[in-house]
Every structure is written in C-alpha cells, then in structure tokens.
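**Student:** All I have is the shape, not the residue letters:
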Ligand code: EPZ
C-alpha cells in the first residue's frame, strides 16, 4: 500500500491545469458502447477509474486504444457480449452506465453490482425505475443486475430523487429507444450536459440537459465517426482552489469553466478569499491582511454546493476564524474522515448530517488514511496546512480520481513525496 509524506507549511503558488472530468468520462466511455461506429474522445485523464472502464469495454469486445496524444479511440462495432462481468466492474461506480448502453445496444444487459466510494447506502432504484419505464424487466440475482426488454420505448419518467447516475443511465438507454423519453426532476450537473453533448455529437437527439427536464427523441442509428473533448473536472479544480486558500497561497487554476465553479467561488468570497476569473481560468489568493472567515455550507445537487468538495472544504473551515457548519444533504455517511482530522488537532463535532467546525485549529501532522477519493484529497490538504509531517496511506483511492496529483501539487510548491511500501 502506497502513501504520501507531506511536510506542511508551504504556501501554494503558481498555475495548475485542470484535467478532463472523471465523472463525465465515465458516462461518455460507457455511452460510446451504444454507438454504431467509432469515435475519438479527447481530454480523457489518465487515471485508474477510467483505465478500468477501458478494460471492461475491451472485455466486452470493443476496440479501444489510447493515442500518443492521450485521446481514446473507441470502436464498439466489435462488441459481442451484453454481459459486463469483468471482475473490475465491482471496483468502480461508473461501470453501471454500461447497463444503459448495453440495454440500448442489445435490448438486454447484465453487470455485477457496481462498487464506488463507501459513504453509506448507494441505491440504484431510480436507475431501475427508468429502465422499467422504458419497457425493460429488471432482476437482481447472484450479485448481478439483469435488464431485458422486448422493445425499448420512450416514456415520461419522474425521478423520485435527483440522481446524477440515474439521469445519465436513463438518457443513454433512451437514446435509441422508439419515441420520446422525458426525464423530470433530472440532475443538472455539468457532466450530465457533457454526456448529452457527446451523444448529440454522435447523432442522438437530446434536449434540456442541464435543466431538470431532459427530452430524448430516440434515433435508429448513432453513426458516430466524430471527435469529442471532455469538459474540465469541476471537483479537481475546486480541490486546488481550496488548497490555495488553505495554505494562504496564490494559485491560478487553468482550463476551467468558471460558471461550473460558481457554487464554490461564491462561498470563497464570503470567507474573505480573493477570487479573480477569466475566460478559462480562476485565480485564488488570500490578501495578507485579511482573515479567513467562517461560513455555513449545505451540499446540494448542482448548482448547489457540490458534495464532492465537502471534505476538502471542512478542512479549510477548521482554520477559519469562528465556528462553521457543514450540512451534508446528499450522502448519509460522508463524515468518516473527521475522525482522522481530529487526530490532527481539528475541533469538529458531528451531529447527524451536520459537522460543527470550531475554527482557529492549528493542525499538526500525524499518520492518517484515505478513506475514499475526496476524503483522501482532504487529508492531503490537511497535511499541507499542518505543522510537521503527515503520512496519508491508501493513496490509490486518491490517484484513481486525480491525474498527476503529486506532480501538480509539487509544481505549486507542496512538499509531498510518494512512498511505495
Ligand atoms: C455521482 O454519484 C458521482 N459519481 C459522485 O461523485 C457524486 O458524489 C454524486 O454523483 C453526487 O453528485 C460519479 O459520477 C461516478 P447520485 P451517483 O445518484 O451518481 C440517491 C466522486 O467523488 N439515489 O446523484 O452515485 C443517493 O443515495 C463521486 O467523484 C437514490 O436514492 O450519485 C444519494 O443520496 C463520489 N437512488 C443521491 O441520490 C438511486 O437510484 C444522489 O446520488 C440513485 C441515487
């Protein structure tokens, strides 16, 4: 098991370029398996979760290769199997998008129950509700989800819960269904818009992505043959912006879509953090004479404050002046990392879905672990601000979602090294 060794106290400064969105790429690589021809996808980060996705697609029979420039060329025309039973399906959450793609391609699909970060129950009932509405029968047996339809037809679907995964999965399955599908109470995340734009580039007819009503008019063919570039990763960008504020540094994140970062930049300005924005960059810094102020947060579906920046933000709040509250509205158990943070001297009390954070903590280094992807990133941020040395173990959970993480952090001046046990 590998770990990071971080010596805290350095101010981060300089520029960092944000990679392509992991969560958009998971949906887009899966959606590519629905196409009737090859396609090329650019700005795909070289991270474990996506490399696993490629392995699973190859095991289905698709031809996938990474070009010298990092782009992926995918040709699904050679797919022979509608069963995604590669063992690594269990390792990532995004593999469940193959249900929608293979159902759309073969009118049936079967995959192992998906994996993903463990912060409470991660039900998939809304995905199943959507597939059943389109005419499929759903069974779960021997650890596999099986969906099958005589004939996929458009339907009016009202999601009970705003779900990113269900919205993407149903959108993919409906792209070639006969007639029109309407998804009401759809999630609005930027990566949902990216999957819709990818499918439209390849011949689909999807309107309204990014709003809570998405209309998909089924088409008979998705001829593909085009190239598509993934949007920048909103959560990676936010992680570096928070690291800049936490170390009282001055960092410009490049290759971002500023509008996607507004839920964070708005709160940063509330906290006395200076923010300047250009067409595709955001600069974050602290004026020396200004104090970091406490603030209250509520995680919500986009355009609310993203749950995937909750752990990293909580670390920042431990060093602010005054007491803050972090209300986690999306996941039932996403404060497990607080136990580690407390061993570093943070004063945080958990009351149900709320973390009450007493500011003014002087964090000190110790040995902690990456409990999941974003909690792991939060532990690195805590190490950057802590006095002394921090070891973060189980860092594969971090590197699965952040491309060139240690290289980018070092480029900004972080004293961080990788130790392979
Ligand atoms: C996606 O997970 C992301 N993962 C998560 O990011 C992110 O935290 C989450 O969206 C919310 O933004 C990927 O995109 C691979 P949901 P997903 O379906 O799709 C409930 C990261 O760090 N729900 O939007 O699984 C669910 O319990 C990861 O990159 C149902 O009840 O999330 C939760 O309370 C961690 N039934 C809420 O909806 C369902 O069928 C939102 O879940 C589906 C979801």
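**Tutor:** Happy to help now that I have it. Since this is a predicted model, take the numbers as computed values, not measurements.

**Student:** Could you use CA atoms for every contact and neighbour count after this?
**Tutor:** OK.

**Student:** Who does residue 146 form a beta bridge with?
**Tutor:** For residue 146, the beta-bridge partners under DSSP bridges are residue 110, residue 139.

**Student:** Does it touch residue 109 like I think?
**Tutor:** Yes. Counting by CA atoms under 8 Å, residue 146 does reach residue 109; the two are 5.8 Å apart.

**Student:** Any residues of the stretch 1-150 of the chain in contact with the ligand? List them.
**Tutor:** 23, 93, 94, 117, 122, 123, 124, 125, 126, 127 (CA under 6 Å from any ligand atom).

**Student:** So which of those are in helices?
**Tutor:** The helices, defined by DSSP state H, take in 23, 125, 126, 127 from those.

**Student:** Can you name the two of those that sit furthest apart?
**Tutor:** Longest distance between any two of these is 20.0 Å, between 23 and 125; criterion CA to CA.

**Student:** Okay, and the beta partners of residue 283?
**Tutor:** Bridge pairing for residue 283 - DSSP bridges - gives residue 252, residue 276.

**Student:** My guess is it contacts residue 251. True?
**Tutor:** Yes. Here residue 283 reaches residue 251: they are 5.7 Å apart, a contact under CA under 8 Å.

**Student:** who has more neighbours, the two?
**Tutor:** When residue 283 and residue 251 are compared for neighbours, residue 251 comes out ahead with 25 against 18, by other CA atoms under 10 Å.

**Student:** Can you name the residues that contact the more buried one?
**Tutor:** Neighbour list for residue 251: 12, 13, 14, 15, 16, 240, 241, 244, 283, 284, 285, 412 [criterion: CA atoms under 8 Å, 6 or more residues apart in numbering].

**Student:** how close does the residue nearest to residue 227 when sequence neighbours are not counted sit to residue 13?
**Tutor:** Closest residue to residue 227 apart from its sequence neighbours, by CA to CA, 6 or more residues apart in numbering: residue 40 at 4.5 Å. Residue 40 sits 35 Å away from residue 13, taking CA to CA, to the nearest Å as the criterion.

**Student:** What mean pLDDT does stretch 299-316 get?
**Tutor:** Summarised as a single mean, pLDDT over stretch 299-316 is 98.

**Student:** And the ligand, is it touching that?
**Tutor:** Yes. Stretch 299-316 reaches the ligand (CA under 6 Å from any ligand atom) through 307, 308.

**Student:** residues of that stretch that come out buried?
**Tutor:** 299-303, 305-316 (16 or more other CA atoms under 10 Å).

**Student:** what about residue 267, how many residues close to it?
**Tutor:** 15.

**Student:** Also residue 139?
**Tutor:** So residue 139, with other CA under 10 Å, has 12 neighbours.

**Student:** Just the contacts of residue 251: which are in helices?
**Tutor:** Using DSSP H, these in helices are 240, 241, 244.

**Student:** The second one contacts residue 253, doesn't it?
**Tutor:** Meaning residue 241. Yes. Using CA under 8 Å, residue 241 is in contact with residue 253, at 7.2 Å.

**Student:** higher neighbour count, these two?
**Tutor:** residue 241 (26 against 22).

**Student:** Apart from its neighbours in sequence, what residue is nearest residue 113?
**Tutor:** In space, residue 113 is closest to residue 144, 5.5 Å off (CA to CA, 6+ apart).

**Student:** That neighbour reaches residue 112, doesn't it?
**Tutor:** Yes. At 4.2 Å, residue 144 counts as touching residue 112 under the criterion of CA under 8 Å.

**Student:** The two - which one has more neighbours?
**Tutor:** Taking residue 144 and residue 112 together and counting by other CA under 10 Å, residue 112 has the greater number of neighbours (23 against 16).

**Student:** Output the contacting helices and strands for the helix or strand of the chain with the lowest mean pLDDT.
**Tutor:** Lowest on mean pLDDT, DSSP states H and E among the helices and strands of the chain sits strand 83-84, with a mean of 92. Using 3 or more CA pairs under 8 Å, 6 or more residues apart in numbering; DSSP states H and E, the elements in contact with strand 83-84 are helix 48-60, strand 108-112.
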